[in-house]
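Undergrad: Generate a structure from the sequence data that follows.
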Amino acid sequence: MKLADIATALSARVENASPTTEITGVAGIEQAGPGQLTFVSNPKYNAAAKTTKASAVIVAENFPALSTGMLRSKNPYLAWAKAIELFHRPPSYAPGIHPTAVVHPKAKIGKNAHLGPYVVVEEDAVIGDHAILLAHVVIYRGAAIGNNFFAHAHAVVREFCRLGDHVILQNGAIVGSDGFGFAKDDANHWHKILQTGNVAIESEAEIQANACIDRASIGETRIGRGAKVDNLVHVGHSCTIGQDTLLCAQVGLAGTTDVGNNVILAGQVGVSGHVKIGDGAIAIAQSGIPHDVPAGAMVSGAPAIDHRLWLKCCAAYAKLPEIARAVRKLSEH
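TA: Residues are numbered from 1 along each chain as shown. Sure, this is the predicted structure:
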């Protein structure tokens, strides 16, 4: 593919290179060679950009000039994502139902669906057009799923859950597992609270590997349009996740957590139940959130506080031994 064609596809402009330069693929900045395209968006790799052997580098509009070719972009990270798409050839799955798949006579499956080995679709389940269900996917009874559904091997959608269009479930994702609800009886034993609600996942959401989205005891757990739920995330019963929100690896949300739109909860953030996190908030990795977080806030630490204050606390913490010695000396006088 010629560099000029790539630039057009990425809404970028060619600089310091011939528009007819042939690009055969993409690679990381330290591994790229002649004929390949790479990118820089993190300043950490600015030095590597000066020595890369790539034929062209996707850079920001204000990035310093390089001796190699450049594709200048207003959003180099997004341009890089689209460049990968230009060269990637994903596997194709022909429409059809594998002989080992089990589809209930009362289930409804749209046109051009691919059902792989040992897929199970139970009674009254409804799946839209162009679905791809790979090996061992299980769709429980009464589930309703939109068009262009893609479920990787061993994903599960439990009974009566509802999924929109273009939803992706990665391997082992579980939608609609029972919420964790128990009440102690007079004999001091735990009595299970029936989880009679469901899960609603809006269009264009993605649930990644081994993430668990619990169904509500009553009502629903909801994942908003375009939200992305990373590997090993747990979303407790009756939670609401807003549109285009990111829940990164090993985030854990206790029941009835309300997370707004465009929120980022970084890896291993934990949120206690009945907490509201406002739109656009960011929680730094391993934060513990026991209280509401206002819209637009950036918090960190446990319990989570304003991120800048947390950094000051960390700096002071490192000086505690020195402060303790000073206090002991004062107490000796």
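Undergrad: from here on, contacts and neighbour counts on C-alpha atoms
TA: Will do.
Undergrad: partner strands of the host helix or strand of residue 72, parallel or antiparallel?
TA: Using DSSP states H and E, residue 72 sits within strand 69-73. Applying DSSP bridges, strand 69-73 is found paired with strand 13-15 (antiparallel), strand 56-60 (parallel).
Undergrad: Past that strand, which element shows up next along the chain?
TA: Sequence order places helix 76-87 as the next helix or strand after strand 69-73, per DSSP H and E.
Undergrad: Packing partners of that next one?
TA: helix 3-10, strand 25-26, strand 36-39, strand 56-60 (3 or more Cα pairs under 8 Å, 6 or more residues apart in numbering; DSSP states H and E).
Undergrad: For residue 169, which of these is the nearest?
TA: Nearest of these to residue 169, taken as Cα to Cα: strand 25-26 at 26.4 Å.
Undergrad: Residues contacting that closest one, please?
TA: For strand 25-26, the surrounding residues in contact (Cα atoms under 8 Å, 6 or more residues apart in numbering) are 32, 35, 36, 37, 38, 83, 84, 87.
Undergrad: cool, stretch 141-159 as well?
TA: Here stretch 141-159 has contacts from 121-140, 160-177, 198, using Cα under 8 Å, 6+ apart.
Undergrad: pretty sure residue 306 contacts residue 299?
TA: Yes: the criterion here is Cα atoms under 8 Å, and residue 306 meets it with residue 299 at 4.5 Å.
Undergrad: Look at these two and report which has more neighbours.
TA: Regarding residue 306 and residue 299, a neighbour count based on other Cα atoms under 10 Å identifies residue 299 as having more, with 25 against 14.
Undergrad: That one - that's part of a helix, no?
TA: No: counting by DSSP: H, G, I helix; E, B strand; the rest coil, residue 299 falls outside a helix, being strand.
Undergrad: Name whatever forms a beta bridge with the most centrally placed residue in the chain.
TA: Residue closest to the mean C-alpha point of the chain, counted by Cα atoms, centre = their mean, is residue 228 at 3.2 Å. Applying DSSP bridges to residue 228 gives these bridge partners: residue 206, residue 246.
Undergrad: Check the gap between it and residue 206 for me.
TA: Here the criterion is Cα to Cα, to the nearest Å. By it, residue 228 lies 5 Å from residue 206.
Undergrad: can I see the domain layout of the protein?
TA: In terms of domains, the chain is parsed into 3-87, 96-309 (source: automatic domain parsing).
Undergrad: Go through those domains and pick out the most buried.
TA: Of the domains of the chain, the one with the most neighbours on average (mean count of other Cα atoms under 10 Å) is domain 96-309, at a mean of 21.
Undergrad: so how far does that domain reach from one end to the other?
TA: End-to-end span of domain 96-309 (Cα to Cα): 57 Å.
Undergrad: just stretch 149-167 next, same as before
TA: End to end - Cα to Cα - stretch 149-167 spans 5 Å.
Undergrad: Would you mind giving the strands paired with strand 69-73 as JSON lines with distance to residue 219 and mean pLDDT added?
TA: What follows is the strands paired with strand 69-73, written out as JSON lines (distance: least, Cα to Cα, whole Å; pLDDT from 0 to 100):
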{"stretch": "strand 13-15", "distance to residue 219": "51", "mean pLDDT": "96"}
{"stretch": "strand 56-60", "distance to residue 219": "46", "mean pLDDT": "96"}
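Undergrad: With distance to residue 310 added, can I get those strands in JSON lines?
TA: Output for the strands paired with strand 69-73, formatted as JSON lines (distance: least, Cα to Cα, whole Å):
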{"stretch": "strand 13-15", "distance to residue 310": "42"}
{"stretch": "strand 56-60", "distance to residue 310": "31"}
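Undergrad: For residue 325, find the nearest of those.
TA: Nearest to residue 325, of all these, is strand 56-60, at 49.8 Å by Cα to Cα.
Undergrad: what's in contact with that closest one?
TA: Under Cα under 8 Å, 6+ apart, the answer for strand 56-60 is 17, 36-41, 49, 68-76, 79-80.
Undergrad: starting at the chain centroid, how far to that strand?
TA: Its chain's C-alpha centre and that of strand 56-60 lie 26 Å apart, by Cα atoms, centre = their mean, to the nearest Å.
Undergrad: between that strand and helix 76-87, how many degrees?
TA: On the basis of axes from the mean of the first three to the mean of the last three Cα atoms, to 10 degrees, strand 56-60 is oriented at 150 degrees to helix 76-87.
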